[in-house]
Structures are given as structure tokens and as C-alpha cells.
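A.B. asks: sequence first, then the predicted structure:
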Amino acid sequence: MAGRENQTSQRGQTELPFSRRQFTAAAAVAVLGAAGLLGGRLSRAVTEAGPDGPLELSLAAAVINRVYRITAREAPRVTDMPKHEFRGFWLSTVVNIDWPSRAGLTAAAQQTELRGWLDLARSLNLNAVMLQVRPSGDVFWPSTAGEPWSRYLTGTQGRNPGYDPLGYAISQAHARNLHLHAWFNPFRASMTASLSDLVASHPARKNPSWTFAYGGRRYYNPGLPAVRSFIIKVIAEVVAKYDVDGIHLDDYFYPYPVAGQTIADSAAYNAYKLPGESLADFRRRSVNLFVRDLSTRIFATKPRMLFGISPFGIWRNSSTDSRGSATSGFQSYDGIFADSRNWVKQGWLDYVVPQLYWHQGNPAADYNTLVQWWSAQVAGTNCKLYIGEAAYKVGDPAQGADWQDARELYDHTAKCRATPRVAGQVYFSAKSVRANALGSMTLVKNKFYRRVAMTPVMSHLGAQRPYAPVISSATWNGTGVELVWRGATTGTLPRHYAIYRWEAGANSTAYIPSQAGALRRVHFRRGNPERFVDTGVARGHTYWYVVVALSDLMVESAAASAIFIRA
């Protein structure tokens with residue numbers, strides 16, 4: 001991520017709203033019918049809409065408001081509590097920025113630290129972690145594709161840490177209902193320029209012609225087809241073997257410019273350029289081929305695997321290209337040969353996370369201007385837009401006065417919520433999120449992340465709904481309401497369950513009563529039916545519950561079970 005490693009190495013309540021468009025007719029009939037609150041005419045109208053047809057909450061709310069006398073003032077705005085929103089942070093491993101805190105920790109100590117990071121994400125009602133698993137031409141899993149164990153685990157490149165960090169991270173993230181995206185730095189081979197710093201078996205050392213030194217580091221050459229194929233092979237191993245929720249690349253393609261230095265790629269250019277193609281166009285085409293071919297490989301290996309990139313926040317300035325943003329900063333299209341706008345338009349990405357590491361009102365790169373520009377770029381595509389946030393700048397005097405304002409990130413989130421097609425945010429990095437400088441993350445959490453949210457629906461990769469669960473009982477067990485339900489054991493199986501609760505007579509807003517029960521990963525055993533105990537209820541109050549099944553792409557089941565209970 002631009003300047004991140006350089007800068008760092010030198011430098012409640014779990015409520016969830018019920019969507020206006022995800023409340024099904026079947027659920028409305030079951031819930032309101034069970035309570036004896038649904039009139040015959042309305043019941044027939046709802047039933048005739050069909051069990052698979054969505055029932056606008058305006059219809060449901062009309063009934064609920066009539067029965068419970070809910071006022072408009074009591075109903076929260078949808079934008080305050082979105083049902084679907086991507087909320088994550090980058091967990092960096094290169095030069096031990098975040099995790100492990102230092103190389104050479106025991107496996108047990110590393111695992112303890114990792115659980116702490118995941119607990120932090122959960123405590124803030126985040127729902128995703130971008131874990132850097134290939135930071136510098138070395139890896140965090142037992143790879144058979146040729147790259148060695150990372151030096152940031154044991155202190156010695158190639159040394160086995162005694163466990164599978166990626167596998168452990170996935171299991172722990174999913175146990176906490178967090179999505180885990182495997183983050184790769186594609187073309188960085190080493191944080192130093194010398195090949196002798198690499199273990200003898202390292203592919204870059206065995207194939208020195210694949211690499212070039214630049215700016216004190218060593219890079220794989222994106223212009224070589226053999227290099228692109230090898231890196232895709234490394235990434236595809238994770239796609240095939242691991243239950244990650246997405247594959248994520250950062251912004252390092254060709255290296256960021258260093259004054260007085262030249263990239264040594266003339267041989268690749270002369271060997272593989274197209275007739276009349278400039279060096280800059282050759283480099284851009286090389287990166288485009290890599291992104292396209294990786295996208296194709298991911299889809300062919302696991303069709304429902306998400307693929308996203310976090311590019312530098314400025315593609316081009318409008319003064320250079322009329323399609324660009326009204327900015328005057330570094331242009332990634334020209335400077336690192338990353339045609340990020342093209343990747344979105346070509347449909348190669350499922351999500352994009354532009355790094356908008358500027359404050360609102362920045363004269364060269366205004367945050368608000370760039371949010372609007374990126375929103376316009378994803379319009380008409382299947383690519384979801386999440387915004388990369390510079391949590392590391394908050395409270396740092398070197399970043400200027402604007403970053404001394406505790407509300408800067410707060411205002412960013414407000415802008416994102418108000419901008420069409422912005423579907424979430426990701427913070428760099430985990431360490432800065434935990435530091436919570438100026439209380440900035442607390443402000444964001446208390447206002448915008450008061451309730452948990454599901455990650456966005458990715459129905460373009462598969463819209464089939466899982467079979468709906470059926471609640472068999474809801475009883476008071478002495479400590480809370482115990483729900484028991486059965487899920488399907490054949491057909492399209494659910495990957496998660498979401499449990500919604502309303503209190504009768506309170507308001508029309510649903511929420512998930514427990515993080516432990518929300519979006520739980522389902523691994524069907526002989527233990528079906530499933531159980532969940534809601535301990536957040538008050539004795540003597542009446543509640544109704546809806547349990548829905550969700551696919552791995554967060555597509556909800558066609559109908560929901562519902563049940564009333566007096567606690």
C-alpha cells in the first residue's frame with residue numbers, strides 16, 4: 001500500500017437492522033399471523049405475492065405501525081444501520097507492522113496475538129479482515145507452489161513456524177463470524193535489493209532474470225509471462241486449498257517512482273512488446289494481463305471466490321484525461337502503470353478499495369471528490385466499492401492539522417453513507433485501529449457501527465437461495481430464549497444463519513441479539529438441528545424471531561421462519 005510499509009518501518013451492542021427489501025412475504029404472514037395481527041384481506045394480498053417475492057417494508061411497516069403505534073420518529077434511518085456493509089481492516093505482516101508483533105515468537109504467542117486482532121475487529125462490529133499472507137515473495141501457509149515460509153514468522157526465511165498460520169486465521173476468523181480475505185503483494189520479491197538475502201530455494205534467487213532491483217528492493221518483473229504465470233500459480237493454490245472469503249491485492253504493481261532510478265525491464269519490453277507499443281503502454285498491458293488472467297483463474301478454480309484490489313486512490317487527473325478525477329496528485333495510471341479504472345470497467349473485479357488517504361478539502365486530492373469519482377466508475381458494473389481509510393494518519397502531527405480532528409474519519413463515514421454505491425470501508429492498518437488515536441474509531445463505532453452488518457450480497461456470482469430453515473421451538477431456558485431450528489441437509493446448503501429479533505410493542509427495527517449467533521458459519525454435522533441462546537432479552541417481554549439462511553455470497557433464503565415468545 002502506497003507508503004505504508006515505508007512509513008511504518010521508519011514510521012456493545014450487536015444490533016442489525018432489517019432491510020427494507022429483504023423482509024419476505026412468507027415471514028410477514030408467519031409473524032403477524034402468529035400474533036393474530038394480520039387482517040384477512042391483507043393476509044391474502046401478501047400470500048398472493050408468493051413466498052419468494054420480496055415484501056417492501058413499507059407494507060410490513062404499515063401493519064406493524066398500526067398494531068404497535070410506531071411513530072416515524074422512533075424508526076431509525078436505514079443509512080444509520082445498513083443491513084449490508086463491508087467493514088474491515090488490513091492486518092499487515094510485512095516487516096511485522098501489525099502481526100506477528102515481531103519475528104520469532106512461538107506459535108502459541110503468534111496465535112494469541114492473532115486472536116486478539118480478530119477480537120478487536122469483532123468488538124468494533126467490523127465483519128472482515130484483510131490478512132497479508134504473501135508480504136514479500138514469501139508466504140504464511142505451507143506452499144507447494146515454490147515460495148518459502150515468510151521471514152516475518154520465525155525470523156528466518158524458509159523456517160517452518162510449526163503450524164499453518166493461514167489455516168489457523170481462517171478458522172479463528174470464521175468462529176468470530178468475520179470474513180477473511182487473503183491479501184497478496186503480487187510483484188515484490190524482497191524488501192532488500194540483494195538476491196543473497198533470499199533463501200537458496202527462493203524462486204527469485206533461482207530465476208534472477210525474473211527480477212530487477214529498484215529503490216533498494218527487489219521486484220518480480222510484471223512484463224515477463226513466466227513471472228505472471230508463476231504468481232498466479234501461487235495465488236491459485238490458496239484459492240483451491242483454503243476457505244478464504246476473497247483474494248485481495250494491494251497497490252504495488254510496478255514500483256513507485258524513485259528519483260534518479262530506472263526500471264531495468266528493457267529486455268522484457270523488447271521481447272514482448274506489440275508493434276508500435278510504447279514502454280508505458282507495455283507496462284500497463286502487462287499489469288492488465290496479470291489482473292485479467294488472475295481473475296479468470298480464480299473464477300475457474302472456485303467460481304464463488306471474491307477478487308478485489310486496493311489501488312492507489314487517483315487513477316488520473318482530469319487535467320490529463322477528461323475521464324479522470326478533479327485532482328492534481330500522483331497518477332497511478334502513469335506512475336505505477338495501474339489502469340485500475342479499466343479493471344473495474346472490464347468486470348475483472350468483484351470489489352475495489354481505492355486508498356483515499358487524504359482529508360476532506362485536501363487541495364490536491366479532496367477525499368469527497370474522490371469518493372464521488374469512484375462511485376461514478378463502479379456505476380453500471382458488478383464491482384462493489386469500498387473506501388480505503390488512513391487510520392494511521394489520525395493524530396499524527398506530521399500529517400497536518402486536518403488529521404488532528406477526531407471527527408475526520410467520522411466525517412468520512414458520513415460521506416460514504418451518503419454516497420450512492422459506496423458499500424463499505426477498510427482501515428489501514430490494524431495497529432492504528434487499535435490505537436484509536438483521538439478516540440476516532442470510537443466515534444465511528446458509536447455512531448455508524450452500533451449494529452453488526454452483513455457483508456454485501458454478491459449475487460452476480462450466484463443468486464441461488466439456500467433452503468430456508470424452520471424454527472421448531474423457542475423456549476426460556478433459565479438464562480435466555482433458546483431457539484432451535486432445522487436447516488436443509490440437501491440441495492443448496494446455507495453457509496450462514498442470521499437471527500433477527502423484534503420486541504413486540506417497541507419498534508419496527510430488527511437486530512441480531514448476539515455476535516455469536518450472527519452470520520455463523522455452518523458446518524453440517526449430525527447435530528442438525530441448530531441451536532442458539534439469546535441472553536439479551538428481558539423477562540416478561542414479548543419478542544418475535546426470524547431465522548434466515550444465507551449462502552456464501554450472502555444471498556438470503558427464499559422464506560424465513562418466524563416465532564413469537566414471551567420471555
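C.D. replies: Perfect, thanks for sending it.

A.B. asks: tell me the domain boundaries of the chain?
C.D. replies: 4-13+82-457, 25-75+462-566 (automatic domain parsing).

A.B. asks: comparing those by mean pLDDT, which bottoms out?
C.D. replies: Of all those, the minimum mean pLDDT falls on domain 25-75+462-566 (a mean of 61).

A.B. asks: and the nearest residue to Arg188 once chain neighbours are set aside, what is it in contact with?
C.D. replies: Closest residue to Arg188 apart from its sequence neighbours, by C-beta to C-beta, 6 or more residues apart in numbering: Ser136 at 5.3 Å. In this view, the C-beta of every residue, glycine as well, is placed from N, C-alpha and C. Applying C-beta atoms under 8 Å, 6 or more residues apart in numbering to Ser136 gives the contacts Val94, Ser150, Arg151, Tyr152, Asn185, Arg188, Ala189, Ser190, Met191.

A.B. asks: let me have these in a markdown table, extended by distance to Asn177, secondary structure and neighbour count.
C.D. replies: Formatted as a markdown table, the contacts of Ser136 follow (distance: C-beta to C-beta, whole Å; DSSP: H, G, I helix; E, B strand; the rest coil; neighbours: other C-beta atoms under 10 Å):
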| residue | distance to Asn177 | secondary structure | neighbour count |
| --- | --- | --- | --- |
| Val94 | 27 | helix | 22 |
| Ser150 | 27 | coil | 27 |
| Arg151 | 32 | helix | 23 |
| Tyr152 | 27 | helix | 25 |
| Asn185 | 27 | coil | 21 |
| Arg188 | 32 | strand | 20 |
| Ala189 | 36 | strand | 27 |
| Ser190 | 36 | strand | 23 |
| Met191 | 34 | coil | 18 |
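
A.B. asks: for these, which one is nearest Gly335?
C.D. replies: Arg188 (16.5 Å; C-beta to C-beta).

A.B. asks: that closest one and Ile231, how far apart?
C.D. replies: 11 Å (C-beta to C-beta, to the nearest Å).

A.B. asks: between those two, what contacts are shared?
C.D. replies: Common neighbours of Arg188 and Ile231 (C-beta under 8 Å, 6+ apart) are Tyr220.

A.B. asks: which residues does the most centrally placed residue in the chain bridge with?
C.D. replies: Taking C-alpha atoms, centre = their mean, the centroid of the chain lies closest to Ala128, which sits 4.8 Å from it. As for beta bridges, Ala128 partners with Gly88, His179 under DSSP bridges.

A.B. asks: same thing with Val426?
C.D. replies: Taking DSSP bridges as the rule, Val426 bridges to Gly88, Gly388.

A.B. asks: thought it was touching Phe86?
C.D. replies: Yes: using C-beta atoms under 8 Å, Val426 makes contact with Phe86 at a distance of 7.2 Å.

A.B. asks: hey, what's in contact with both of the two?
C.D. replies: With C-beta under 8 Å, 6+ apart as the test, Val426 and Phe86 both reach Ala128, Tyr386.

A.B. asks: hang on, the earlier thing: how about a markdown table for the contacts of Ser136, with distance to Asn436 added?
C.D. replies: Compiled in a markdown table, those are given as follows (distance: C-beta to C-beta, whole Å):
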| residue | distance to Asn436 |
| --- | --- |
| Val94 | 23 |
| Ser150 | 28 |
| Arg151 | 30 |
| Tyr152 | 25 |
| Asn185 | 27 |
| Arg188 | 30 |
| Ala189 | 35 |
| Ser190 | 33 |
| Met191 | 28 |
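
A.B. asks: so which of those residues comes closest to Asn221?
C.D. replies: For those, the nearest to Asn221 is Ala189 (9.6 Å; C-beta to C-beta).

A.B. asks: give me every residue that touches the closest one.
C.D. replies: So, once contact is read as C-beta under 8 Å, 6+ apart, Ala189 ends up touching Ser136, Gly137, Leu198, His202, Ala204, Thr211, Arg217, Arg218, Tyr219, Tyr220.

A.B. asks: sec struct for the residue nearest to Leu124 when sequence neighbours are not counted, please.
C.D. replies: Sequence neighbours aside, Lys445 is the residue nearest to Leu124 in space, at 5.1 Å (criterion: C-beta to C-beta, 6+ apart). Look at Lys445: counting by DSSP: H, G, I helix; E, B strand; the rest coil, its state is helix.
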